[in-house]
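Student: Here is a sequence together with a model predicted from it:
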Amino acid sequence: MNTLLNSLTTELRRGTLTLAVLSQLKEPQYGYSLVQRLEKSGITIDQSTLYPLLRRLEKQELVTSSWDTTESRPRKYYILSDYGNKIFIQLKKEWEKTSQELYILLKGEEDDGTD
C-alpha cells in the first residue's frame, strides 16, 4: 500500500510543482533560493526534480535564464517570461477552479457518512 500511495502522491504533486515553481519566478531566482522559498511554504522539491523542471520550462519559453557572474560563484537565475506570466495566470485560475470543485467533492464525502 505504501508503494502505491507514494506513487499516487508523486503523480498528484507533479503538476502542482510546476505551478508552485512558476508562482515564485516573478522575480529572478536561482535554484537554491527557489528551493528555500518553496520549503518556506511547506513544499519540498529535490534539486534532481527542480533543475530538469526549470530546463523544461525554459524550453517551453515560460521562463528565461541568465548567468550572474558578479559573485565569486556564478549563479543561473530564472524568471518568468511575458508568455510564462500569461500561462501562469491561466494555470492559477484553472487550479483555483479545480481545487474548489475537488474540495466540494471531498467535503461531500465527509458529509455523507460513508467511507
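Tutor: Ah, there it is.
Student: can you give me the helices in this protein?
Tutor: Assigned by DSSP state H, the helices in the chain fall at 2-23, 31-40, 47-59, 82-111.
Student: Mean pLDDT and distance to Thr70 for those helices - can I get that in a markdown table?
Tutor: Glycine gets a C-beta too; all of them are placed from N, C-alpha and C. Listed next are the helices of the chain as a markdown table, based on pLDDT from 0 to 100; distance: least, C-beta to C-beta, whole Å:
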| stretch | mean pLDDT | distance to Thr70 |
| --- | --- | --- |
| helix 2-23 | 91 | 25 |
| helix 31-40 | 95 | 16 |
| helix 47-59 | 95 | 21 |
| helix 82-111 | 93 | 25 |
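Student: Any idea which of the ones you listed gets closest to Glu71?
Tutor: With C-beta to C-beta as the measure, helix 31-40 is the member of these nearest Glu71 (12.6 Å).
Student: What residues of the closest one count as buried?
Tutor: Within helix 31-40, the residues scored as buried using 16 or more other C-beta atoms under 10 Å are 31, 34-35, 37-38.
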